[in-house]
Every structure is written in structure tokens, then in C-alpha cells.
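J.: Here is a sequence together with a model predicted from it:
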Amino acid sequence: MNVHFISIGGSVMHQLAIALHKKGYTVAGSDDEIFEPAASNLSAEGILPTSIGWNPANITPDLDAVILGMHAKEDNPELLKAKSLGLPIHSFPEYIFQESIDKQRVVIGGSHGKTTTTSMIMHALKQLNKDFDYLVGAKLEGFSQSVKITQAPIIVCEGDEYPASTIERKPKFHFLFPHIAILTGIAWDHINVFPTFEFYLEQFEIFINKIETGGILIYNESDEVLRNLIKKNKRTDIRYQPYSVPSHTINNGITTVNIDGVEGRLSVFGNHNLLNLLAAYYTCKELGITAIDFVAAMQHFTGAAKRLELLSSNSSVNIYRDFAHAPSKVKASVDAVKHQFPNRTLFGILELHTYSSLNENFMPQFNGAFDQVDVGVVFYSNHALALKRMPPLPSEKVIEGFNKPGLIIFNEKSSLQQWISQQNFNNSNILFMSSGNFDGIDIISLSQAITQQQPTK
């Protein structure tokens, strides 16, 4: 196969390029900017473009496929050339499907918990020496890449609802056609793409109808929106497996779970992670894994990067970093930490970074997200608003939306850093939440400095 990537430098696109290169395909690509670590990763494999920019000469009649990334625009000169030659043009998920037509396809969808659930399944399969391919949206311990494409009989895919490409605006997970589908829950997100909740909800209804006949839908029955959607549109040609929070105990900050009569201690915690764990179990059960083997494997699962990741700790303070940004994700992470450590003061520090979370009209969606936080801080930089070409976000609208007494707002990272330096974090947990980087604050170094300054018990 001879494949060309338009926008090869994307965080997941370059991983697919490397995976196909390792499979033995002839791979080339182009982009108008390639950042780290994509540049180094591509260079190490010998497929880094020799020049930056678009060149129609890269598109030749002998190409078997052109793979189009989200970064490329509709008037991209290479895309126009590929169209004029009548070449097969695929979005990322469309091409993943082409590579997995003969595989058993597992697709994990939902507004939250996709990456962690996918990671749990992958971890269990690897621990038990199952041969499988995968697509996941985060760097996982024990996996050198986030995309693997081989001759394996199974593929496990994180199913994103974001548009597939500039010319294919349908959600990515509409193109994967699972035999085993998981839906973790539905909470309105991506307001810039799905301007109404009804439109957003429709995408999940379509996904359910994409499940292969004879397949199974494993779904979170504790999510009322999801439960009602399934009740309204229940198919008779697939099976259904509902799940909710499994039986468990918490002692001294350690969670022990019971799955089908098998107990095991976990490194992860929180009801949302327990939900993810049971979804992963039912998936693995479909793939022939027993409860005994699954629970044994999951005792060594430490979580995906930036998902309640413990950055630093001592006996008086734990500091976590979490990718939470949408209201449902924020609430789940906050509730998890507070439930795990009910006697500690919880500092919740959230950066508003996405288009949705910086939209004044979206603020009411955050109502209740900080209920379990003892000290709540919301940070959003005017710089981020300017980059996204968005209007100013009045702090009073943020305070009104969160409906959290005493909520503190910062717009400058220096002010946030100064405030943090003045706090007493003894007998506390700190939860940093963002899909960004707090306008360049080094959260890891900051966390280490905090633990060094706090007395140990």
C-alpha cells in the first residue's frame, strides 16, 4: 500500500502514519506545521516530511489512499489535487475501518470516560497476552504508541464524537461499526460543533444504529439520558448489557472492588472509574476473559495520563492532575476525590479552555459541578479567549453559572500562582483540572514545590 497523509503532524495522525509504516506500507505526508513530539517521532521512523507546507506534486496517481486530517482546510491544494485525480480520500476513522474490516471491532463512546475505559480494556488484554490492535487518545504506560495496526484479530477503538475531517463533518465514531459497543454516558459537550443538546444526542442514537447486527451494546444504566435514549430506540437485533457502580469498599483511601464474586484492590478510585471498570469487564468478558483474570490484571492499572494522575504527595497533601473540562467530567473527578478522602479539604482548581467552557451561554451547565469542593478556583486567560477569537467572558457570568459560594476567579497566571503560594494545604487534596496547560504553568514543578513546603504528619 502507498499512502499519503495530508496533515501528518496531528497528535493521532502521526501515530497512524507510524503504525502503517511499521506494517510495511509506503508512507509519506505533509503539513504546514509539525510540533513535538510528532516531529521527533516521525523523524525516528524516517517519515518526517523534508519540507514544511503543502505541495500538489506530493499527490500522484499511484497512491492507494489519501488520509485527510482535521487540520487541513477544504481548499488545501493537495486535497484539491487528490479530488481531481479521483483518488480514495479517507478521514482518520474511515481509514481505521478500512484496516479493520476483518477484525472484531470494539468501540468505546460517550461524553466522558472513553479514554480510561479504553485504557482499562487495553491493559487487561495486554496483561493476558491477547493479540489486538488499538486506537486511544492518550499516552498509556506500557504502550509505545497510541495507534497500532497489524494483522491482529481484534481492534479496540476510543470512539470520539468530534467531526472526522474538514470534508466529512460526521462524528468519528459513526465510521467504526462496532461488534462490541460501549456508551459511558451522555452530557452535552462541543457546543461549537453541536449547538443544541438535541443535535448532540442524535449523534449517539446514530452510533447505536451503527452497531453490527448480532452485536452488543454495553451501557451505563445509571445515566438517565442514555437510559431513556435506549428505551426509546431499542433495537431487537443486538444484545444489551447495562452496568452501574459495582460493589466496593474504601479503606484508608484504597478501593477494593467486587466483580462477579472476585475481589481485588485498585490503584484508581472514584465512582466514575468503577463504572469504567465494569464496562471494561463486560467488554473483556465478550472477548473470553474471566472475572478472576480481569480483576487480577486491573490491580496493576494505574490510569491513563492526566486522568486523576497523582503528581506529588506526602502524608498531609495529595496533588492530582485531571483532563476534566466538561461539566460532567469536572463533577465526576471532584466527587471522586472528595468521596475517597472525605476528611480532607479539597481545593478544586479548574481552567476553562475549550470553546464550550469559554462560552458565556454554556456557563449554566457547570451548576453543581463544584458542590463537593471546599475551595473553588476557576482560571481562564484572556490570551486563550483572544486565540479562539471569542468575546470576553465576564467573571460574574462564571460565578452565576457555577453557583458556588466563595468561588475565586483568576484571569492571569501570575495571580493564580501567587494565590497558590499563600495557601495552607495541610490535610488537603488539590485537584488541577484542564484540557490545556494553565497558560504555561508548570503544574508538575509547582506540585512538587507544594509538597516540599507542607509539613508531614
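T.: Happy to help now that I have it.

J.: Residue 220 against residue 243, yeah?
T.: Yes. Assessed by C-beta atoms under 8 Å, residue 220 is found in contact with residue 243 at 6.2 Å. The way it works is simple: take the backbone N, C-alpha and C, and place the C-beta from them, glycine included.

J.: okay, and the common contacts of these two?
T.: With contacts taken as C-beta atoms under 8 Å, 6 or more residues apart in numbering, residue 220 and residue 243 have 275, 279 as neighbours in common.

J.: Looking at these two, which is more packed in?
T.: Taking other C-beta atoms under 10 Å, residue 220 and residue 243 do not tie; residue 220 has more neighbours (26 against 21).

J.: got a list of what the more buried one touches?
T.: 110, 183, 184, 185, 226, 242, 243, 244, 275, 279.

J.: Mind giving me the PyMOL select for those residues, buried ones only?
T.: Selection of the buried residues among the contacts of residue 220 in PyMOL, burial being defined by 16 or more other C-beta atoms under 10 Å:
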select buried, resi 110+183+184+185+226+243+275+279
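
J.: Going by residue numbers, what spans are strands in the stretch 1-150 of the chain?
T.: 2-6, 26-30, 65-68, 89-91, 104-109, 133-135, 147-148 (DSSP state E, counting those that start in this stretch).

J.: In JSON lines: those, plus mean neighbour count.
T.: Shown next, in JSON lines, are the strands of the stretch 1-150 of the chain (neighbours: other C-beta atoms under 10 Å):
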{"stretch": "strand 2-6", "mean neighbour count": "22"}
{"stretch": "strand 26-30", "mean neighbour count": "21"}
{"stretch": "strand 65-68", "mean neighbour count": "24"}
{"stretch": "strand 89-91", "mean neighbour count": "21"}
{"stretch": "strand 104-109", "mean neighbour count": "27"}
{"stretch": "strand 133-135", "mean neighbour count": "25"}
{"stretch": "strand 147-148", "mean neighbour count": "22"}
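
J.: Going C-terminal from the lowest-mean-pLDDT helix or strand in the chain, what's the next secondary structure element?
T.: Scoring the helices and strands of the chain by mean pLDDT, DSSP states H and E places helix 382-387 at the bottom, with a mean of 83. Counting by DSSP states H and E, the next helix or strand C-terminal to helix 382-387 is helix 395-402.

J.: I'd like the distance from the following helix or strand past that next one to the chain centre, please.
T.: Once the chain leaves helix 395-402, the next helix or strand it forms, by DSSP H and E, is strand 408-410. Chain-centre distance of strand 408-410: 26 Å, with C-alpha atoms, centre = their mean, to the nearest Å.

J.: swap in stretch 267-286?
T.: The chain centroid and the centroid of stretch 267-286 are separated by 15 Å, computed with C-alpha atoms, centre = their mean.

J.: List the buried residues in it.
T.: 268-286.
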